[in-house]
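**Q** My questions concern the predicted model and sequence given below.
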Amino acid sequence: MKVNEGSFDRTLRIVVGLALICLTLYGVIGAWRWIGVVPLLTGAIGVCPLYSVLGLNTCALKKSA
């Protein structure tokens, strides 16, 4: 699969995913930890299946020489 997430998008997904997992481990929220795994994994691999379906891409455009 082709990477379709830009660096800001990936960073944000990883931070949100980790935050949800940490909040669950400290007992602040319930089973949201499992939802936190999704943005964490998509941010780590750089591919969002929903973006692929919708034809979205947040990667910076590469300039041709």
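**A** Looks like it arrived, so ask away.

**Q** can you give me how far the longest helix belonging to the chain is from the chain middle?
**A** In the chain, assigned by DSSP state H, the helix with the most residues is helix 7-25. Put simply, helix 7-25 sits 8 Å off its chain's centre (CA atoms, centre = their mean, to the nearest Å).

**Q** In terms of secondary structure, what does that helix contact?
**A** The contact analysis (3 or more CB pairs under 8 Å, 6 or more residues apart in numbering; DSSP states H and E) places helix 7-25 against helix 33-45. C-betas here are computed from N, CA, C, even on glycine.

**Q** buried sites along the helix it packs on?
**A** For helix 33-45, a neighbour-count test (16 or more other CB atoms under 10 Å) marks Gly36, Val38, Pro39, Leu40, Thr42, Gly43 as buried.

**Q** Equivalent analysis for stretch 14-30, please.
**A** Quick answer for stretch 14-30 (16+ other CB under 10 Å): Ile14, Val16, Gly17, Leu20, Ile21, Thr24, Ile29.

**Q** ok so, going back, would you reformat the buried residues of helix 33-45 as TSV and include pLDDT?
**A** Formatted as TSV, the buried residues of helix 33-45 follow (pLDDT from 0 to 100):
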residue	pLDDT
Gly36	91
Val38	93
Pro39	94
Leu40	95
Thr42	95
Gly43	95
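
**Q** ok, so of these, who is nearest Met1?
**A** Thr42 (10.9 Å; CB to CB).

**Q** Tell me the spatial nearest neighbour of that closest one, not counting adjacent residues.
**A** Cys48 (4.9 Å; CB to CB, 6 or more residues apart in numbering).
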